[in-house]
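Asks: could you work out the structure for the sequence below:
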Amino acid sequence: MRSSVFKAELYGPLRYGEGRFIAIEDMQPAVFKALLHFIYTDSLPSMDDLDQDENKEIVKNLLVAADRYAMDRMKSISSLKMYYVCNLSSPRIAWRR
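Replies: Numbers count the residues shown, from 1 in each chain. So this is what the prediction gives:
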């Protein structure tokens, strides 16, 4: 299982009642869909259809979700993606000596 938090919520000490439901709060549906995509495929979904601001917002929220659910690989991939998204949107500064 890719998330030790989900594992604890489904099968372990954090299990609530019958363990058939987990409440996911404070997460946009698109972010949860991307999180599920990562859980099943070990990769982030394509975000080519999003504009730069939407892409940055989703990746930022994926970083938060990866941290919340202890998904280190997703956190690393999202961090790298965030780096590229931010650098693409920032103006370039040329340094000369």
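Asks: for this structure, which spans come out with low pLDDT?
Replies: Scanning the chain with the threshold set as pLDDT under 70 gives 1, 13-20, 88-97.
Asks: what residue is smack in the middle of it?
Replies: Leu62 (2.2 Å; CA atoms, centre = their mean).
Asks: which residues does it contact?
Replies: Val31, Ala34, Leu35, Leu44, Met74, Ser78 (CB atoms under 8 Å, 6 or more residues apart in numbering). From N, CA and C alone the C-beta is placed, and that goes for glycine too.
Asks: as JSON lines, the residues you listed with neighbour count and secondary structure would be great.
Replies: Formatted as JSON lines, those follow (neighbours: other CB atoms under 10 Å; DSSP: H, G, I helix; E, B strand; the rest coil):
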{"residue": "Val31", "neighbour count": "19", "secondary structure": "helix"}
{"residue": "Ala34", "neighbour count": "21", "secondary structure": "helix"}
{"residue": "Leu35", "neighbour count": "25", "secondary structure": "helix"}
{"residue": "Leu44", "neighbour count": "17", "secondary structure": "coil"}
{"residue": "Met74", "neighbour count": "24", "secondary structure": "helix"}
{"residue": "Ser78", "neighbour count": "25", "secondary structure": "helix"}
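Asks: just those residues now: which is nearest Glu57?
Replies: Val31 (8.9 Å; CB to CB).
Asks: check contacts around that closest one.
Replies: By CB under 8 Å, 6+ apart, the neighbours of Val31 are Ile58, Asn61, Leu62, Ala65.
Asks: so how far is Ser4 from the first one?
Replies: Spelled out, it's Ile58. 23 Å (CB to CB, to the nearest Å).
Asks: before we move on, what about Val64?
Replies: In terms of CB to CB, Val64 sits 17 Å off from Ser4.
Asks: ok, Ala66 next?
Replies: Ala66 is 12 Å from Ser4, where distance means CB to CB.
Asks: the two - which one has more neighbours?
Replies: Ala66 (22 against 13; other CB atoms under 10 Å).
Asks: correct me, but the more buried one touches Lys75?
Replies: Yes - between Ala66 and Lys75 there is a contact under CB atoms under 8 Å: 3.8 Å.
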